[in-house]
Every structure is written in structure tokens, then in C-alpha cells.
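Need coordinates for the below:
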Amino acid sequence: MMGNYYGMTGGFGFGGIFMILWWVLIIVGIVALVKWMVSSSRAGSRSVGDSKALGILKERYARGEIDEQEFQKRKLDLTQ
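Numbering: from 1, shown residues only. Coordinates of the predicted model:
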């Protein structure tokens with residue numbers, strides 16, 4: 001009896017299943033890494049934009065363009 005490369009049944013056998021699972025794991029890991037990188041870059045850009053907006057708001061308050069009540073309201077809107 002001669003066996004072939006794929007085992008005696010002619011299918012992939014356990015080796016083929018583990019190879020497929022290995023590649024699925026690699027692909028899922030790459031997708032998760034890309035999603036994490038995209039979400040962290042969005043979070044970083046948002047915090048920079050928020051701090052810039054808050055700085056502008058503080059400048060407007062310091063110049064007297066807005067009163068304290070308006071400043072507190074807009075600051076609350078920006079920090080939520």
C-alpha cells in the first residue's frame with residue numbers, strides 16, 4: 001500500500017487543518033493590528049484637536065469675547 005502526500009484518505013488530514021488554522025490566525029492578527037493602529041491614530045488626532053479648540057476658547061475668554069457662563073458651557077461641550 002502506497003500512501004500519498006495528503007495521507008491515506010486523499011484529503012488534507014490534520015496537517016492541512018492546522019495549516020489553514022495557522023493562516024487564519026495570522027490574517028486575524030494582521031487585521032486586529034491594523035484596526036488597533038487606525039483607532040489609536042484617530043484617538044490621538046482627536047485629543048490634539050480638542051486641546052487646540054480648548055486653547056482657542058481660553059484665548060477668547062481672556063480677550064473678553066465671551067463671558068464666564070459661555071466659557072463654561074463651551075468647555076463642557078468640548079470635554080465630553
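
ok but residue 65 is inside a helix, no?
No. When DSSP: H, G, I helix; E, B strand; the rest coil is applied, residue 65 is found to be coil, with no helix at that position.

Could you give the number of residues near it?
11 (other Cβ atoms under 10 Å). No exception for glycine: its C-beta is placed from N, CA and C like everyone else's.

and what of residue 61?
Using other Cβ under 10 Å, residue 61 is surrounded by 17 other residues.

On the C-terminal side of the helix or strand harbouring it, identify the next helix or strand.
Residue 61 is located in helix 13-63, with elements delineated by DSSP states H and E. As assigned by DSSP H and E, the chain's next helix or strand after helix 13-63 is helix 68-79.

contact partners of that following helix?
Under the contact criterion Cβ atoms under 8 Å, 6 or more residues apart in numbering, helix 68-79 has outside partners 50, 53-54, 57-58, 60-61, 66.

if we go to 6 Å?
50, 53-54, 57, 61 (Cβ atoms under 6 Å, 6 or more residues apart in numbering).

Can you add distance to residue 71 and give those back as TSV?
Rendered in TSV, the data for the contacts of helix 68-79 read as follows (distance: Cβ to Cβ, whole Å):
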residue	distance to residue 71
50	16
53	13
54	10
57	7
61	4
